[in-house]
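Undergrad: Any chance you could fold what I've pasted below:
(one chain, ligands or ions: 2)
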Amino acid sequence: MFKRVLGMFSNDLAIDLGTANTLVLVKGQGICINEPSVVAMQYDKHGQQRILAVGQEAKKMVGKTPGNIKAIRPMKDGVIADFEVTEMMIRYFIEKAHKRKGFFSPRIIICVPYGLTQVERRAVKDSAENAGARYVYLIEEPMAAAIGAGLPVKDPNGNLVVDIGGGTTEIGVTSLGGLVQSKSIRIAGDSIDQAIVDYVKKNFNLLIGDRIAEELKIEIGTAIPLEEELVTTVRGRDQIEGSLTSIEITSEHIRAAIQDSLDGIVNALEDVLELIPPELAGDIVENGIVLTGGGALIRGLDKYISDIVKLPVYIAEDPLLAVAKGTGIALDELDVLQQTAYED
Ligand SMILES: Nc1ncnc2c1ncn2[C@@H]1O[C@H](COP(=O)(O)OP(=O)(O)OP(=O)(O)O)[C@@H](O)[C@H]1O
Ligand SMILES: [Mg+2]
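TA: Ligands and ions are numbered 1, 2, ... in the order given. So this is what the prediction gives:
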């Protein structure tokens, strides 16, 4: 009874805790926070740490910090690399959402990377509880992505979603409100950026950082040949001379750099397609494949995948927001979606 009264005053939250970006959605109000999952920590001379910045501001500091400041991405490759900082980040975002609207013991549903261990899930739940949540539910990312992409997950029909995030690519087949088949691989935005770093180093003897690689990917990256290839200038350090220099780089170069990563994603997709039960295979042929996550924005990736697997491929509306939206919908339907949102 007391909890029910509390519920009347609380604005529940849905959180997409991504390895690259964290989004917070307030029930009835939509997405109120959308920031990089980065925390800048400052260390004093006693080794004590305190948060200097979180999100956008902290991301600007990556790779540029002096000795006593560290910009950390606490979640990497779809796992929690730093528990303490992850907890601080979760608390920070929940409190930020709280302060704005004056919350009171909300229910919180958190979408976590699919491959998290039981210990990692527990840590995420504890962090949210410590930040004042009344109940914490977790939801699997492929399910949240499918719901957010508007797929009819509750129907007795198969739907296939591929969520290409920062740390992981998650492939899920849904039917009757559950995941029938799924696979998670660590080829996604971050490893694609790394492939660009490696390519530029190998082919141009130029050392660039992850952030520059990400910018190249977004600015001129493409999965397919373009009618007019794109060109940009990139600055870095010459590996041999050690001097600072700049080179011209084209979309064809980036395509060559990311080819193996894209093929890795397609291979995983083919593995899942092979395992789909025959009853659902026909639905997939008819409904096609939906792409979500930031990686869905790589130019021509839909056509690239479609040409190989010979199925229609669609990009979800606002692919970077799909998981958060789906988590928000699950929050609205917590009682209905008990199969997908679970307490553990
Ligand atoms: N226009 C774009 N073109 C290509 N890649 C993009 C674009 N915009 C964002 N990205 C990439 O998308 C990735 C982030 O996507 P997203 O926010 O879906 O990941 P995440 O949910 O934080 O990660 P995960 O789901 O793996 O935990 C980053 O690697 C980013 O570089
Ligand atoms: Mg994600």
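Undergrad: What number of residues are in the vicinity of the closest residue to ligand 2 within the stretch 101-250 of the chain?
TA: When scored by CB to the ion, the stretch 101-250 of the chain has residue 165 as its residue closest to ligand 2, at 3.5 Å. Using the backbone N, CA and C atoms, a C-beta is placed for each residue, glycine as well. Residue 165: 29 surrounding residues under other CB atoms under 10 Å.
Undergrad: so it touches residue 297, yeah?
TA: No. Using CB atoms under 8 Å, residue 165 is not in contact with residue 297, being 11.7 Å away.
Undergrad: tally of neighbours for residue 146?
TA: Residue 146 has 28 nearby residues by other CB under 10 Å.
Undergrad: ah, wrong one, I meant residue 99
TA: Residue 99 - counted by other CB under 10 Å - has 9 other residues nearby.
Undergrad: pLDDT below threshold where in the stretch 1-150 of the chain?
TA: Scanning the stretch 1-150 of the chain for pLDDT under 70 picks out 1-10, 100-104.
Undergrad: Can you pull the residues of the stretch 201-344 of the chain lying near ligand 2?
TA: residue 323 (CB under 5 Å from the ion).
Undergrad: please redo it, this time with the cut-off set to 6 Å
TA: 293, 323 (CB under 6 Å from the ion).
Undergrad: In the stretch 201-344 of the chain, which residue sits closest to ligand 2?
TA: residue 323 (4.8 Å).
Undergrad: Show me what the longest helix along the chain packs onto, helices and strands only.
TA: Counting by DSSP state H, the longest helix found in the chain is helix 251-275. If you count contacts as 3 or more CB pairs under 8 Å, 6 or more residues apart in numbering; DSSP states H and E, helix 251-275 packs onto strand 159-164, strand 169-175, strand 178-185, helix 189-204, helix 210-220, helix 301-309.
Undergrad: Just checking it against ligand 1, any contact.
TA: No. Shown here: helix 251-275 not in contact with ligand 1 (CB under 6 Å from any ligand atom), separated by at least 9.6 Å.
Undergrad: Residues contacting stretch 293-300, please?
TA: Contacts with stretch 293-300, where a contact means CB atoms under 8 Å, 6 or more residues apart in numbering, come from 20-21, 145, 162-166, 169, 188-189, 192, 217-218, 221-224, 226, 251, 258, 262, 265, 301-302, 315-316, 319-320, 322-323.
Undergrad: From those residues, list just the buried residues.
TA: 20-21, 145, 162-166, 169, 188-189, 192, 217, 221-223, 251, 258, 262, 265, 301-302, 315-316, 319-320, 322-323 (16 or more other CB atoms under 10 Å).
Undergrad: any idea how far ligand 1 is from residue 169?
TA: According to CB to the nearest ligand atom, to the nearest Å, residue 169 and ligand 1 sit 8 Å apart.
Undergrad: cool, residue 34 as well?
TA: 9 Å.
Undergrad: Mind listing what's buried along the host helix or strand of residue 126?
TA: Using DSSP states H and E, residue 126 falls within helix 118-130. For helix 118-130, a neighbour-count test (16+ other CB under 10 Å) marks 120-121, 123-125, 127-128 as buried.
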